[in-house]
Structures are given as structure tokens and as C-alpha cells.
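In: 3D, please:
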Amino acid sequence: MTSRFIALLVLLAALWIGGLLRFVATLPTQAEAPARKTDAVVVLTGGSDRVAEGMRLLADGKAPVLFVSGVGAGVTVARLLDLSGRGADTALACCIELGHAAQDTVGNAVEVAVWAANREARSLRIVTAAYHLPRALHLLRRTAPGVEMLAHPVVPETLKLDGWWRWPGTRGILLHAYHKFLLALTLDSLTEWYGSTRNGG
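Out: Numbering: from 1, shown residues only. Predicted coordinates for the structure are as follows:
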């Protein structure tokens, strides 16, 4: 029994390490189809660099509207323009919409799905941190399966992907993102399994 238990632990550790290495190696660091225009640019809040990138895409005509999900209470379009260094660029203000309901990534997915449905948007460019994209896209595609999602990663200067295991800050961020991604996949698998058992599948 002991040897089997040890073998199981070794197998699980190998799967965890292999999954982590694959997760980091496949993180998107370049925009998907950067020349493509979409029905909207969507920013998932969490850093001013994400909002600034969303503003840039809007100004460059990559979409007719920018939706920022998960904005804090009381934060206005004018405030976001100031934070992104575009305070004088009031021409963009008419094309920016804010979502205040989301408190986390699951909430982002719901908020974006509802907004896209109301807007009849069929394609979205999703702007968020590179390490956040795998889970964010998984949740978004599950919540709005009929909407095309293009990944548009923002890579913070503090994120050291080359030799990431040597940088405690980057290592912590990636481990946290990886574990949340695994949890999302596990919950989905359990939900599907539970649904199939109830339906006699």
C-alpha cells in the first residue's frame, strides 16, 4: 500500500509540474490577429496598463467601442482617460462603456457575456494580463460560447518570463494563476460529470 501511495504521489507531482511548465510555455505574449477589427475591445480590469492598451486599440480603430469590465464604484470614463494618460482625448469618451458589477474573473465573464448579448457583439478582443488570459478566456468562452474571443495579452514589465522560476515575484504570480486555472477546469469537469450522472449518461 505504501509503495502504491508513493507512486501515486510521484505521478501527481509529475502531472502538476508538467502542467505548470506547459501553462507557462503556452502563455500568450503576442496579440492574436492584431490587424483584425472586432465588434468591441474588452478590458478586464486589474492594472492601468490594461486600460491604457484598450484605449490605444480604440484610438487605432480596432473596434467601435471599448468595454471595461469590473470597474470600481464611482470610477468614471473621465477618470480612466486621466489614468491612461488620455485626459485631453475627450473624443474617445463617447465610445467607452463601463461595467461595475464584476468583482472577480467569474463576474467578468458574466458581465461581458450580458453586455455582448445586449450589444449583439459577435467578436471581442480581450485585453488582460498574459498570465490571466488562459482562465479568463476559458470562462468567457464558456459563458458566451457564440462569441469569438481574440486574445490580446498585456505583459507587465515586472513579469520575467525568461527564467521565471528564478524570480520570486513572477514565480508567485504564475503559480497563483496556474492553480486558479486548474480549479476552473476541475469545477467545469465536475459540473459536466454531475450533469451527466443526473441525466443518466
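In: tell me how many other residues crowd L44.
Out: 27 (other Cβ atoms under 10 Å). Placement of C-beta: from N, CA and C, glycine included.
In: quick check: it touching V127?
Out: Yes - the pair L44 / V127 is scored as a contact, 7.1 Å apart, by Cβ atoms under 8 Å.
In: tell me, what's touching those two both at once?
Out: Common neighbours of L44 and V127, counting by Cβ atoms under 8 Å, 6 or more residues apart in numbering, are R50.
In: now do stretch 129-141, average pLDDT.
Out: Per-region confidence: stretch 129-141 scores 96 on mean pLDDT.
In: so for the longest helix seen in the chain, what gets flagged as buried?
Out: Longest helix in the chain by number of residues (criterion: DSSP state H): helix 168-198. For helix 168-198, burial by neighbour count (16 or more other Cβ atoms under 10 Å) applies to T170, I173, L174, L175, A177, Y178, K180, F181, A184.
In: any idea how far stretch 26-36 is from the chain center?
Out: 13 Å (Cα atoms, centre = their mean, to the nearest Å).
In: and that stretch, which residues are buried?
Out: L27, A31.
In: all strands for this protein, in order.
Out: 40-44, 66-69, 96-99, 123-129, 148-154 (DSSP state E).
In: and the ones you listed as TSV, adding distance to G19?
Out: Listed next are the strands of the chain as TSV, based on distance: least, Cβ to Cβ, whole Å:
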stretch	distance to G19
strand 40-44	23
strand 66-69	28
strand 96-99	32
strand 123-129	20
strand 148-154	20
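In: lovely, talk soon.
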